[in-house]
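Engineer: just the structure for this:
(one chain, ligands or ions: 1)
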Amino acid sequence: MTSGRRSLPVRLVHGVRVAGGAFALMWQAAPRTVLLSLALQVSGALVSGGMLLAVRGMAGTVFGPHAAAWRPGAVAADLALLAGMLAAMALAGSLQRGVGMVLGERVGWYAFRQVLDVACEVELAAFDSSEFHQRLQRAQGSAHRPIQMTEQLISLAGSVVTISGMVSALYLIDPVLVAVLALAAAPPLVASATFGRKLFTAVVGLGENDMRRHYVRSLMTERNHAKEVRAFGLGRYLRRLDRDLFDERLTIMRAVARRTSVHALVAAMASALGILSGVGLLAYSFATGHSSLTAAATAAVAVVQLGPMLSNVTYGLGESYEHALFLSDYRAFCARGETIRRARERARLPAPRDPATITAENVTFRYTGAVRPALSGVSMTIRRGEVIALVGENGSGKTTLAKVLSGLYEPQGGRIRWDGVDLRDIDAAGVRERTAVLFQDFGRYLFTAAENIRIGRPAAPADLARVQHAARQAGAHEFVSALEHGYDNVLGSELPGGVDLSLGQWQRVALARAFFRDAPLVILDEPTASMDAFAEHRLFKGIQNLFAGRTIILISHRFSSVRTADRIYTLDAGRIIEAGSHDELMAAGGTYARMFELQSSAYLREAAATPVGRHHRPAGRA
Ligand SMILES: Nc1ncnc2c1ncn2[C@@H]1O[C@H](COP(=O)(O)OP(=O)(O)OP(=O)(O)O)[C@@H](O)[C@H]1O
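Structural biologist: Model (predicted):
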């Protein structure tokens, strides 16, 4: 972020650098379109400069010292030249609009892609920090600024060429006029720059308000919240929240507008005074015989024309300064992508293809801003092909441990080793490549059923037979095949032709994705939480065969499903308090045994109270 306290030369150098960066970005995005746009701008500016000279030539023909005789031929030639120039200007203008539109699209997309690169590549922990989200939001909002700034600068360059031509002509008539105009341009420039700085400070300060507002609005506009909003009658409450947050924003923006419009008013008056002085100077110069009528009239036209042009230029410069402030913030965010890329290029060991051991050594992990660590002093060893279960109360650290073991989070203390090598020294992408995760809050993608499964390994060939095999393993083939367009059916009813699935069906699709990934380490976090008893039974009965040879980390609150695991770890407040097979833990009579008995006795009580007919298997379920 740039500081508003820098000295003017430092700010100028910084501004030039940012403008250079914006132009470079635009050039990278669309070099040929940039060249075309520049050529059109420059030719438009040259023609408009030439028009002034043509007007002057015509005035000379009609009123000049050699204008004693009426020369229709000369006047017609001047008029034809002027008409040609007008036509050229109009053509350049209309072409420029089209080219500008295409350029805007391409540069906007390119700039946004830099933000997406960071969002996709940054470490998962960044998403746990509010500061990152605010910066991400600001960077997204600034992605249109490179094009705005460069468009602004190109148009400024065109105006500067035009103004230079007119100023040179004025200089020849009276150099003092040039100084007067320069003075007239200064106040709007300062006012416009002040506006940019104040706006930027306000936008940064409003980061938290913006995030809350976007969130509250998403609650009212997104499908997954729509049912609760209605069921709890949250509409009015959320709209009031939105209004309060908007009022807070408006108060701050109004304060900026109030303060800066006073500056702008004073600046505009000072500038108008400058222009009037210029015209007055011309009148004086003509009255005292220091300039001819032709020169004074041409200069007066130029001064009057230059007034709005100069105010446009100063406004443009001020806006460019505003863009520069936002862009340096945007660039600082995108630089993170470069840092990640460099870190990745640093010599790292390739991830083991199929790790024989995964070890945690005295691991400690604390989430950003959390008071207590989510994991403390966790040590364990998992061997290839084992099924490991993690159990424990809500918030005891099971999911966090699975994420740390698979390299999604880097521990602050201790280390995770794959085949004896610290994960910090192994290529992170390679580690992810060898892991398949079915998260508790799995993704529901509004893609076709086949894509929903195939993105388990996006780089793999689009092989429908493999997709169907994964779906069969997860018990999803039957209901996917029954969809109107089968595997080509879009899932989720937001998109045209899409159909929604039940939560359990979505979970089976997510499980199919994990099968399709075909990775040596499989993490299943509550994989059957939404599945019916048959699907759950089928999965756990065959889990060793289904994931043959894979190492499985299974997280579950259903104790019946973890009892066949090779080893069970009980976590409590981020620590492992017990480890062993089901029989060992039951014999130890600790937390696991108490939780198991509590759950199984509840099932037994329920089973005893349920009439036999209620156990009938529902039709059509896998
Ligand atoms: N992204 C996060 N940012 C901050 N704290 C978090 C985050 N995720 C989890 N925590 C905290 O870390 C602790 C462990 O959470 P974790 O999700 O690992 O528990 P869990 O055992 O998997 O719980 P559950 O059984 O409810 O799924 C909890 O205290 C939780 O509040």
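Engineer: flag every residue of the chain that's near the ligand.
Structural biologist: Contact residues, the chain versus the ligand (Cβ under 6 Å from any ligand atom): 128, 367, 370, 374, 392, 394-400, 440. Placement of C-beta: from N, CA and C, glycine included.
Engineer: try it again with 8 Å
Structural biologist: 127-128, 367-370, 372, 374-375, 390, 392-403, 440, 525-526, 555, 557, 571, 574 (Cβ under 8 Å from any ligand atom).
Engineer: among these, the buried ones, what's the ChimeraX command?
Structural biologist: Selection of buried members from those for ChimeraX, criterion 16 or more other Cβ atoms under 10 Å:
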select :374,375,390,392,396,397,398,399,400,401,402,403,525,526,555,571,574
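Engineer: inside helices: which ones of the residues of the chain next to the ligand?
Structural biologist: Among the residues of the chain next to the ligand, DSSP state H puts 398-403 in helices.
Engineer: any chance of these in a markdown table with pLDDT and distance to Ala474 as columns?
Structural biologist: Listed next are these as a markdown table, based on pLDDT from 0 to 100; distance: Cβ to Cβ, whole Å:
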| residue | pLDDT | distance to Ala474 |
| --- | --- | --- |
| Lys398 | 96 | 22 |
| Thr399 | 96 | 21 |
| Thr400 | 96 | 26 |
| Leu401 | 97 | 24 |
| Ala402 | 95 | 19 |
| Lys403 | 95 | 22 |
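Engineer: among these, which two are most distant?
Structural biologist: Farthest-apart pair in those is Lys398 and Lys403; separation 9.9 Å (Cβ to Cβ).
Engineer: following element in sequence after the helix or strand containing Thr201, please.
Structural biologist: In the assignment (DSSP states H and E), Thr201 maps to helix 175-205. Proceeding N to C from helix 175-205, the next assigned helix or strand is helix 207-221, under DSSP H and E.
Engineer: flag every buried residue along the following helix or strand past that next one.
Structural biologist: Downstream of helix 207-221, the first helix or strand assigned by DSSP H and E is helix 223-231. Residues of helix 223-231 classed as buried by neighbour count (16+ other Cβ under 10 Å): Val229.
Engineer: residues in contact with stretch 533-543: which ones?
Structural biologist: Residues outside stretch 533-543 that contact it (Cβ atoms under 8 Å, 6 or more residues apart in numbering): 387, 474-475, 504, 508, 511, 527-528, 531, 546, 552, 554, 558, 560-561, 564, 617, 621-622.
Engineer: redo that, cut-off 10 Å
Structural biologist: For stretch 533-543, contacts defined as Cβ atoms under 10 Å, 6 or more residues apart in numbering pick out 387, 473-476, 504-505, 507-508, 511, 522, 524, 527-532, 546-548, 550, 552, 554, 556, 558, 560-565, 615, 617-618, 621-622.
Engineer: which of the residues you listed fall in helices?
Structural biologist: 473, 504-505, 507-508, 511, 546, 560-562.
Engineer: ok, which pair from those is furthest apart?
Structural biologist: Gln505 and Val562 (23.8 Å).
Engineer: re the thing from before, tell me the one of the ones in helices among the contacts of stretch 533-543 nearest the ligand?
Structural biologist: Val562 (13.0 Å; Cβ to the nearest ligand atom).
Engineer: who touches the closest one in this structure?
Structural biologist: 387-391, 540, 554-556, 568, 582, 592, 596.
Engineer: ok, now with 8 Å
Structural biologist: Val562 touches 389, 391, 554, 556, 568, 582, counting by Cβ under 8 Å, 6+ apart.
Engineer: ok, now Ser320?
Structural biologist: Per Cβ under 8 Å, 6+ apart, neighbours of Ser320: 15, 19, 149, 152-153, 156.
Engineer: try Ala351
Structural biologist: Shown in contact with Ala351 (Cβ under 8 Å, 6+ apart): 418, 426-427, 430-431, 433-434.
Engineer: also Val115?
Structural biologist: 136, 139-140, 143, 330, 333-334 are the contacts of Val115 under Cβ under 8 Å, 6+ apart.
Engineer: quick check, nearest of those to the ligand?
Structural biologist: Distance to the ligand across the contacts of Val115 (Cβ to the nearest ligand atom) is lowest for Leu136, with 15.7 Å.
Engineer: so how many other residues sit close to Ser379?
Structural biologist: Ser379 has 12 neighbouring residues, counting by other Cβ atoms under 10 Å.
Engineer: ugh, wrong one, I meant Leu503
Structural biologist: Other residues lying near Leu503 total 12 when counted by other Cβ under 10 Å.
Engineer: that one and Met531 touch, don't they?
Structural biologist: No - the pair Leu503 / Met531 is not scored as a contact, 9.0 Å apart, by Cβ atoms under 8 Å.
Engineer: I'm done for today, thanks for sticking with me.
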